[in-house]
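Colleague: Pasting a predicted model and its sequence here:
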Amino acid sequence: MRKWLAVWMLLGWLAFPSGGRAQAEIRLLSLKVELWPEYDQPAMLVIYEFTLPPESRLPLEVAFRIPSGANLIAVAAQTPQGNLINAEYSGPSGEGEWQRFAIKVEAQTTYHFEYYEPLEKSGARRQFAYVWPGDYAVDDFRLLLRLPLDITEIVTQPPLEKGGNEDVLERGFGRLPQGLPLTFTLNYTRSTDRLAVPQQNVQPSEPLTRNTAGRVMWSNYFPFVLGGLGVLLILGGLGYFWQVNRTSRPSRHRRHSPSAAPEPPSHVYCHQCGTRAQRGDRFCRLCGTRLRADE
């Protein structure tokens, strides 16, 4: 019995692989990593771009690990027009020396994410180490380094080559198997601390005055605000007096005219039936005989 149970468990494991095993079978068709030191911050901007093989069954979650000290700032997918739009992802969550996050890949396109990581600085010298942890097999791995401004000396390991742009060094590593980390170290010195894209303070083209087009000034609207408050006060006062008058006014009831004083009895009697008539009668109320006025 135990033997057959073990056989069935083995068959089930082979037929329905675990999430970890399914994740391990993911392969990247291409992966490009760009390093931009001191670009718009005094730190290292790391940019990833990757694609999946055409036979990949989508949607699929692809998880990446970045250093624990990194700050993830963007996750995007490329549109057919070449623009980047936000992509759905979860995380990042701490995992020892790493942070892990997962990107939901829904289309056969290039996916992109960026993060900042601190540089080690000592005077004019900077140091940085990048590690690809080897979570997936990669068919084509490329590394690109954008040179910072005012650089006086640079040493990379492994060495990089001049790219199409004189400010770029790059190297293609080709196919990388899963589970094989790749480490890249960078040492360089600079004569200044200038950023490639310095943060600029927005300044007006001319001094701001009361007549500057588009400027909103409280004094321009103060008369209108006072006028509106005055109208509200007037309406509130009218409403208050109306409510007071309504509550203090006695209820109106239909006025009934007081009953007329009873007329003195008439001394006229019907000569036909003898019924006493009332004052003003011209005919008997009982038999209808015309009354004699002189009676």
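Modeller: That came through, no problem. Numbers count the residues shown, from 1 in each chain.

Colleague: hang on, isn't Arg282 packed against Gly288?
Modeller: No: Arg282 lies out of contact with Gly288 (Cβ atoms under 8 Å); the separation is 10.6 Å. Where you see a C-beta, it was placed from the backbone N, CA and C, and this is true even at glycine.

Colleague: what about this structure, any weak spots by pLDDT?
Modeller: 1-24, 199-222, 247-266, 293-295 (pLDDT under 70).

Colleague: make it 90
Modeller: Where the chain drops to pLDDT under 90, the residues are 1-25, 163-166, 197-295.

Colleague: For it, which segments count as helices?
Modeller: Here the chain has its helices, by DSSP state H, at 2-15, 19-24, 218-248.

Colleague: Show me where the stretch 151-295 of the chain has its strands.
Modeller: If DSSP state E, counting those that start in this stretch is used as the criterion, the strands of the stretch 151-295 of the chain fall at 151-157, 161-162, 168-176, 182-190.

Colleague: Pick the most buried one from those.
Modeller: With neighbours defined as mean count of other Cβ atoms under 10 Å, those peak in mean count at strand 182-190, which reaches a mean of 17.

Colleague: Now do it and strand 168-176, the angle between them.
Modeller: Strand 182-190 runs at 170 degrees relative to strand 168-176, counting by axes from the mean of the first three to the mean of the last three Cα atoms, to 10 degrees.

Colleague: Listing partners with orientation, what would you give for strand 182-190?
Modeller: Here strand 182-190 has these sheet partners by DSSP bridges: strand 125-132 (antiparallel), strand 151-157 (antiparallel).

Colleague: between those, which one is nearest to Glu34?
Modeller: strand 125-132 (10.5 Å; Cβ to Cβ).

Colleague: Output the closest one as PDB, restricted to C-alpha atoms.
Modeller: Output of strand 125-132 as PDB, limited to C-alpha atoms (Å, rounded to 0.1, in the frame of the first residue of the first chain):
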ATOM      1  CA  ARG A 125      36.500  58.400  -6.000                       C
ATOM      2  CA  ARG A 126      33.300  56.400  -6.500                       C
ATOM      3  CA  GLN A 127      32.800  52.600  -6.300                       C
ATOM      4  CA  PHE A 128      29.800  50.500  -7.200                       C
ATOM      5  CA  ALA A 129      29.100  46.800  -7.600                       C
ATOM      6  CA  TYR A 130      26.300  45.300  -9.600                       C
ATOM      7  CA  VAL A 131      25.100  41.700  -9.300                       C
ATOM      8  CA  TRP A 132      22.800  39.700 -11.600                       C
END
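
Colleague: Show me how far it is from its chain's centre.
Modeller: Between the centre of strand 125-132 and the centre of its chain there are 35 Å (Cα atoms, centre = their mean, to the nearest Å).

Colleague: which residues touch it?
Modeller: The contact list for strand 125-132, computed with Cβ atoms under 8 Å, 6 or more residues apart in numbering, reads 31, 33, 35, 37-38, 44, 46, 67, 117, 119-121, 141, 143, 176, 181-190.

Colleague: can I get the CA coordinates of stretch 72-88 in PDB?
Modeller: Taking Å, rounded to 0.1, in the frame of the first residue of the first chain, the C-alpha atoms of stretch 72-88 are listed here in PDB:
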ATOM      1  CA  LEU A  72      12.300  51.000  -7.000                       C
ATOM      2  CA  ILE A  73      10.800  54.000  -8.900                       C
ATOM      3  CA  ALA A  74       9.200  52.700 -12.100                       C
ATOM      4  CA  VAL A  75       7.800  49.500 -13.700                       C
ATOM      5  CA  ALA A  76       6.500  49.900 -17.200                       C
ATOM      6  CA  ALA A  77       5.700  48.100 -20.500                       C
ATOM      7  CA  GLN A  78       6.500  49.300 -24.000                       C
ATOM      8  CA  THR A  79       3.600  50.100 -26.400                       C
ATOM      9  CA  PRO A  80       3.700  49.300 -30.100                       C
ATOM     10  CA  GLN A  81       4.500  53.000 -30.700                       C
ATOM     11  CA  GLY A  82       7.600  52.800 -28.400                       C
ATOM     12  CA  ASN A  83       6.100  54.600 -25.400                       C
ATOM     13  CA  LEU A  84       6.200  53.400 -21.900                       C
ATOM     14  CA  ILE A  85       3.000  52.800 -19.800                       C
ATOM     15  CA  ASN A  86       2.800  51.700 -16.200                       C
ATOM     16  CA  ALA A  87       2.700  47.900 -15.700                       C
ATOM     17  CA  GLU A  88       1.100  45.900 -13.000                       C
END
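
Colleague: in it, what counts as buried?
Modeller: For stretch 72-88, a neighbour-count test (16 or more other Cβ atoms under 10 Å) marks 72, 75-78, 87 as buried.
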